[in-house]
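In: Mind looking at a prediction? Sequence and model below.
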Amino acid sequence: MLSGTFPTTSLQGKRCSCHCPSLHALPPRPTGYLHIGGARTALFNWAFAKHTGGKMLLRIEDTDRERSTDAAIDAILAGMTWLGLSWDGDAVSQHARAGRHREVAQLLLASGHAYHCYCSPQELDAMRAKAEAEKRPIRYDGTWRDRDPAEAPAGIKPVIRFKSPQEGETIIKDNAQGRVVFANKELDDLIILRSDGNPTYNLSVVVDDHDMGVTHIVRGVDHLTNAARQTQIYLAMGWTVPDMTHVPLIHGPDGAKLSKRHGALGVEAYRAMGYLPAALRNYLARLGWSHGDDEIFSTQQMVDWFELTGIGKSPARFDFAKLENLNGHYIRHMDDDALLDALLAFLPYTEGGPELLGKIDVAKRAQLKMAMAGLKERAKTLLELKIGANYLF
RNA sequence: GCGCCCUUCGUCUAUCGGUUAGGACGACAGCCUUUCACGUUGUAAAGACGGGUUCGACUCCCGUAGGGCGCACCA
């Protein structure tokens, strides 16, 4: 997805919410897309919602305005749609709910669970630098936690920090990770409201999940620490903590975090390479989740079998060879009409495809359909299918 | 640096104390095929290391090594 825009999916009755991991790429010309890892998270959310008869809610986490553009959001929605993942109701804009987030920040302030902090960004940087130099954990030192607000320096707009408990521990009961314990002293007082009055992610998520009635959260493990901080906020508000599942990340073939240099990050790149949504769904499902020895299964079967507890803990490497093999299988087993339709739908996204599309009239179409049976035997992707059909033009 | 998590064939994984450690992709070899592809048969290929617990550990515990994630007025 585009830098900083996050879809979250949730189900209702039994609902869940997916917070796709962020991308932090701020290219000169930001291009939004649905990250392949986020796509798998969305797939898990979707499968769980379908399996339990719940609802999947989609929320665009766009509280960082500078990183959110309409184009980026549209790209995410388009990616979800292409992959065949539907959501219930309209996508909710987190930014639009900022007023309510501020309201909760005030509630926390009033109940003594939060306080104003007058440290400047420079002071904070210095604090971090010092801690690093002294090889101490990098945390906010609590300067304003118990300090008298009367001592506040003039002309400084304060942020609001959550007063995190300093004793005891916060326990996450996670369907994939098991029971994870954080000592409260490891969690510092995070900022929940910026000095410009805008809420911060961890506050917004808790408020929205609560208000939207989210019962199940399924997201990447990169949110595990956030789960602890968010749990503290839920508790401070007296709200029920949702059931959580943190799924392991997808790595590149070399074992390092999946990144640009590995090639395809966004699902639209997979579409452009000629992979079928059904094949990608099947492949993604097998990354971190399994149902015995089953390798090739329909989406309906996945829905029937899907349990959150079936999700593993270790990260998986993305294997293009296996995806390609699966895709070839799906192509071969598709009937000619459906395959031709898939090819036609693919053409706009490949080089020279649109021109080719323009040349296809009724006669050409009939010719192509006749050729499908022979062509599909040796095509692993729609791109190869297109190349195989070149002799007809 | 601090915290949390991970570690079964090259890769994705099964196993939930007792198996000849199974499947899939990939690799290699045979068959089929004019060729390729498909299909099919077979082969090689794994419990990171070191301690425990136990009659018995891949499975439970501790340590080591390696890896990942997190530690923003980002999400």
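Out: Alright, I've got the coordinates.
In: Under the pLDDT cut-off, which ranges of chain A? List them.
Out: Residues of chain A meeting the criterion pLDDT under 70: A:1-31, A:66-67.
In: What residue in it is the furthest from its centre?
Out: Distance from the C-alpha centroid of chain A peaks at residue A:363, with 44.0 Å (C-alpha atoms, centre = their mean).
In: For that one, which three-state class applies?
Out: Three-state assignment for residue A:363 (DSSP: H, G, I helix; E, B strand; the rest coil): helix.
In: How much space separates it from residue A:373?
Out: 18 Å (C-beta to C-beta, to the nearest Å). Quick note: C-beta positions are derived from backbone N, CA and C, even for glycine.
In: Likewise for residue A:335?
Out: Distance from residue A:335 to residue A:373, by C-beta to C-beta: 10 Å.
In: Mind jotting down where the helices sit in the stretch 151-300 of chain A?
Out: A:201-211, A:224-237, A:267-272, A:277-285, A:299-305 (DSSP state H, counting those that start in this stretch).
In: Just send the ones you listed back as TSV, with distance to residue A:255 and mean neighbour count too.
Out: Formatted as TSV, the helices of the stretch 151-300 of chain A follow (distance: least, C-beta to C-beta, whole Å; neighbours: other C-beta atoms under 10 Å):
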stretch	distance to residue A:255	mean neighbour count
helix A:201-211	29	22
helix A:224-237	20	20
helix A:267-272	21	22
helix A:277-285	18	23
helix A:299-305	26	16
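In: Out of those helices, which gets nearest to residue A:319?
Out: Closest to residue A:319 of those is helix A:277-285 (C-beta to C-beta; 8.5 Å).
In: Please name every helix or strand in contact with that closest one.
Out: helix A:36-52, helix A:70-83, helix A:267-272, helix A:299-305, helix A:320-332 (3 or more C-beta pairs under 8 Å, 6 or more residues apart in numbering; DSSP states H and E).
In: which outside residues touch that helix?
Out: A:36, A:39-40, A:43, A:47, A:82-84, A:267, A:270-271, A:296-299, A:302, A:322-323, A:326-327, A:329-331 (C-beta atoms under 8 Å, 6 or more residues apart in numbering).
In: what's the angle from it to helix A:70-83?
Out: 90 degrees (axes from the mean of the first three to the mean of the last three C-alpha atoms, to 10 degrees).
In: Centre of the chain to helix A:277-285, how far?
Out: 17 Å (C-alpha atoms, centre = their mean, to the nearest Å).
In: check whether it contacts RNA strand B.
Out: No: counting by C-beta under 7 Å from any atom of the strand, RNA strand B is not contacted by helix A:277-285; separation bottoms out at 8.2 Å.
In: Pull out the CA atoms of that helix and give them to me as PDB.
Out: Only the C-alpha atoms of helix A:277-285 are listed here, as PDB (Å, rounded to 0.1, in the frame of the first residue of the first chain):
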ATOM      1  CA  PRO A 277      -6.300 -14.400  -8.400                       C
ATOM      2  CA  ALA A 278      -7.400 -18.000  -7.500                       C
ATOM      3  CA  ALA A 279      -3.800 -19.300  -7.800                       C
ATOM      4  CA  LEU A 280      -2.400 -16.400  -5.800                       C
ATOM      5  CA  ARG A 281      -5.000 -17.000  -3.100                       C
ATOM      6  CA  ASN A 282      -4.100 -20.600  -3.000                       C
ATOM      7  CA  TYR A 283      -0.400 -19.900  -2.800                       C
ATOM      8  CA  LEU A 284      -0.700 -17.200  -0.200                       C
ATOM      9  CA  ALA A 285      -2.900 -19.400   1.900                       C
END
